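Novice: Would you be able to build a 3D model of this:
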Amino acid sequence: MDLVIRPAEPDEYGPLGDLTARAYLRDGLLDFAESDAYLGVLRDVAGRAAAARVLVAVGDDRLLGGVTFVPAGGPMADIAGPGEAEIRMLAVDHAARGRGCGEALVRHCVERARAAEGCRSVVLSSQRAMRTAHRLYARLGFVRTPERDWNPFPELTDLTLLTYQLTL
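Specialist: Presented below is the predicted three-dimensional model:
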């Protein structure tokens, strides 16, 4: 399979939003009180593209996955500080998993960060249940930064997000 990573095109925003929402739902990652609101955020690719860089993985003439790359200082950053880029909302269609799409998307983000002047690291947040993603991050050199773990909904004590960092 020829895999291409490139910026998302406007006509892909809807399909990518649906793919991302399906991936999070199928993996059981949205079983908390704010899931409906966050589903809207996952589906709003146009909003993300206006504030960050949305990338897609395309293979065999179909959309296989996507990720949001937030350059240092970008308005969509959750945890990134000065000199840090952030990876958000990585999702791969269930049928395309195991083909290297997620890894290719993360590697592309890392290369974008390396090319950005003044960017010293890449950070990301991940739910505890995303064990396959955790293995990918470790394989690519990301390390856990438990001192940065955080909870987007403090009233939900079981939703602490794990954080990772790759020093460039």
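Novice: ok, Val106 - contacts?
Specialist: Shown in contact with Val106 (Cβ atoms under 8 Å, 6 or more residues apart in numbering): 67, 87, 90, 136-137, 140. Where you see a C-beta, it was placed from the backbone N, CA and C, and this is true even at glycine.
Novice: next one: Ala80
Specialist: Per Cβ under 8 Å, 6+ apart, neighbours of Ala80: 70, 72-74, 86, 123.
Novice: now the residues you listed: which count as buried?
Specialist: The neighbour count (16 or more other Cβ atoms under 10 Å) marks 70, 72, 74, 86, 123 as buried among the contacts of Ala80.
Novice: Would you confirm that Gly141 contacts Leu166?
Specialist: Yes. In terms of Cβ atoms under 8 Å, Gly141 counts as a neighbour of Leu166; the distance is 5.4 Å.
Novice: Give me the more crowded residue out of these two.
Specialist: The neighbour comparison of Gly141 against Leu166 (other Cβ atoms under 10 Å) goes to Leu166, with 21 against 13.
Novice: Do a quick rundown of the helices in this structure.
Specialist: Secondary structure of the chain (DSSP state H): helices at 13-26, 35-43, 45-51, 101-115, 131-139.
Novice: what's in contact with the worst-scoring helix or strand of the chain on mean pLDDT?
Specialist: Lowest by mean pLDDT, DSSP states H and E among the helices and strands of the chain is helix 35-43, with a mean of 78. With Cβ under 8 Å, 6+ apart as the test, helix 35-43 has contacts from 17-18, 20-21, 24-25, 30, 47, 89, 91.
Novice: could you redo the last one with a cut-off of 7 Å?
Specialist: For helix 35-43, contacts defined as Cβ atoms under 7 Å, 6 or more residues apart in numbering pick out 17-18, 20-21, 24, 30, 89.
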